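**Student:** Here is my input, please return the structure:
(one chain, ligands or ions: 1)
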Amino acid sequence: MPTQDLMDKLVSLSKRRGYIFQSSEIYGGTGSVWDYGPLGVELKRNIKERWWASMVHRRDDIEGLDAAILMNPRVWEASGHVDGFTDPLIECTNCHRRFRADLPEVAEGQCPSCGKKDAFTEPRMFNLMFKTFMGPVEDSSATVYIRPETAQGIFVNFLNVQGAARQKVPFGIAQIGKAFRNEITPGNFIFRTREFEQAEMQFFVKPGEDDDWFARWMDVRMQWHKDLGIREEKLRFHKHGPDELAHYAKDAHDIEYEFPFGWKEFEGIHNRTDFDLARHQEYSGKRLEYIDAPTNERFIPYVIETSMGVDRTTLVVLADAYREEDVEGETRVLMALSPEIAPVKAAVFPLVKKDGMPELARKIQSDLRSAAINSFYDQSGAIGRRYRRQDEVGTPWCITVDGESLEKGTVTIRDRDTLEQVRISMDQVVTWIQEQLS
Ligand code: ATP
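**Tutor:** Reported below is the predicted structural model:
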């Protein structure tokens, strides 16, 4: 499928079926900000819950945190963001559009918008942090930043969490939350936006043990994406070369996906050394050392960070799941989402709208609802069309009540991927779905 086609299809399907809408659309939208509709919010929540379960609930060496978006502005001086969180910005003197100077076409001297050659201004550094004012007075002493990453909320709470949870190094802190960057060239749907969510985990280790933990976290995180059902041949690591490494990093590997617009990062694994804690210790004047129990050895831990973009992962999941198949001469559009994260787990249909079938189907849907299994009832149109509507949004199972249901109390369950049908007893439906999901 041609590249742009797939992106266009994803954007249009997302809007039509309620995955993702442009923010403030009735006003013409707003620059690269998106809203998640009824199906999108379910998908994104399922991804986050899967991450939280694997990071926090299934481990005893990671604690959760939910730090505020607004922080003391000194945090961003200490972290290096006030001085260093910049992109080089240039303007085309012909069409006056602005671009990141490091975009490949711009580096070759041609304006990506009007095509004019060698008409760029000199680059100037542009800080990507959004600023606002705290309190009623709009002067520079009231300036606060809207966080560009969730990590700093974890660093400044390192000793709070460690003490309260009585954790010992090595241990980690996990957080999911919004981050904001005033990107110069956002785009590619939800790939690069100005408001997005990160799922980050900072793992605090003894200096010297960092390389080993780095390798372990690379494996764990890559496996997590494979277990989500993402096709392996579309995943790879990209190791940062010396000129790509962030100011704080000793080592960095991106997990990349082959999007329709090329191989791009959607999660970063970083060895941040003791940079952040040491800087916060210096700027706050508070000791942020850890005291190792038996030896009383004091040290500032090194940090291995895993930083996943939730929206980018959602795009990976959607792009990877989208299929078009030829079934008996007709195109079947299919979202082959892993059932664990599919927004709707089961759709329930009466074969026809009479003979007591709708009542039975509604009873099954009510049982599914009581078990908190997200389901959907549909009695309109031919059964084939109803199946296809569910295939297109990724519903793994369609349950149909038919004539035999009335006689024998059984229903068919159709599998989205294999199209095979099994017949089971109506009162087994909830348990059957729960078993498939476990
Ligand atoms: P990029 O090079 O694409 O700008 P980055 O290296 O600055 O990304 P990090 O600071 O390492 O990104 O952030 C970790 C993760 O947060 C990224 O892998 C990505 O998934 C997500 N992320 C970062 N910036 C954005 C954005 N503007 N929109 C959506 N997700 C983002």
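
**Student:** OK, contacts around whatever residue of the chain ends up closest to the ligand?
**Tutor:** Among all residues of the chain, residue 309 sits closest to the ligand, at 2.1 Å; criterion: Cβ to the nearest ligand atom. No exception for glycine: its C-beta is placed from N, CA and C like everyone else's. By Cβ atoms under 8 Å, 6 or more residues apart in numbering, the contact list for residue 309 reads 196-198, 266-267.

**Student:** The ligand next: which of the residues you listed are close?
**Tutor:** For the ligand, the contacts drawn from the contacts of residue 309 by Cβ under 6 Å from any ligand atom are 196, 198, 266-267.

**Student:** what would these look like in JSON lines with secondary structure and pLDDT?
**Tutor:** As requested, those are exported to JSON lines (DSSP: H, G, I helix; E, B strand; the rest coil; pLDDT from 0 to 100):
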{"residue": "196", "secondary structure": "strand", "pLDDT": "98"}
{"residue": "198", "secondary structure": "strand", "pLDDT": "98"}
{"residue": "266", "secondary structure": "strand", "pLDDT": "98"}
{"residue": "267", "secondary structure": "strand", "pLDDT": "98"}
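
**Student:** closest to residue 212 among those residues?
**Tutor:** Each of those was scored against residue 212 by Cβ to Cβ, and residue 267 proved nearest at 19.9 Å.

**Student:** Verify the contact between the closest one and residue 253 for me.
**Tutor:** No. Counting by Cβ atoms under 8 Å, residue 267 stays clear of residue 253, with 9.3 Å between them.

**Student:** Poorly predicted segments of this protein, please.
**Tutor:** Counting by pLDDT under 70, the chain has low-confidence residues at 1-4.

**Student:** And it, split by domain according to the record?
**Tutor:** Using automatic domain parsing, the domain parsing of the chain gives 3-71+148-318, 344-437.

**Student:** could these go into TSV alongside distance to residue 121?
**Tutor:** As requested, the domains of the chain are exported to TSV (distance: least, Cβ to Cβ, whole Å):
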stretch	distance to residue 121
domain 3-71+148-318	14
domain 344-437	46
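
**Student:** of all the ones you listed, which lies closest to residue 77?
**Tutor:** Residue 77 sits nearest to domain 3-71+148-318 of all the domains of the chain, at 6.4 Å, using Cβ to Cβ.

**Student:** middle-most residue in the protein, spatially?
**Tutor:** Geometric centre of the chain, nearest residue: residue 310, 1.3 Å, by Cα atoms, centre = their mean.

**Student:** residues in contact with it?
**Tutor:** Per Cβ under 8 Å, 6+ apart, neighbours of residue 310: 44, 47-48, 51, 176, 196-199.

**Student:** Endpoints of stretch 99-115, how far apart?
**Tutor:** 13 Å (Cα to Cα, to the nearest Å).

**Student:** Mind listing residues that contact that stretch?
**Tutor:** For stretch 99-115, the surrounding residues in contact (Cβ under 8 Å, 6+ apart) are 87-92, 94-95, 97, 116-120, 123, 184-185.

**Student:** Would you mark the buried spots in it?
**Tutor:** Within stretch 99-115, the residues that count as buried by 16 or more other Cβ atoms under 10 Å are 99-101, 106, 110-111.

**Student:** can you give me how far it is from the chain middle?
**Tutor:** A distance of 29 Å separates the centroid of the chain from that of stretch 99-115, by Cα atoms, centre = their mean, to the nearest Å.

**Student:** re earlier: which among the contacts of stretch 99-115 count as buried?
**Tutor:** 87-92, 119-120, 123, 184-185.

**Student:** so which of the domains of the chain gets nearest residue 324?
**Tutor:** domain 3-71+148-318 (8.6 Å).

**Student:** Could you pull up the residues touching the spatially closest residue to residue 98 that is not a sequence neighbour?
**Tutor:** Once flanking residues are discounted, residue 98 sits nearest to residue 91: 5.0 Å by Cβ to Cβ, 6 or more residues apart in numbering. By Cβ under 8 Å, 6+ apart, residue 91 lies in contact with 97-99, 120-121.

**Student:** ok, so of these, who is nearest residue 334?
**Tutor:** Ranked by distance to residue 334 (Cβ to Cβ), these are led by residue 99 at 37.4 Å.
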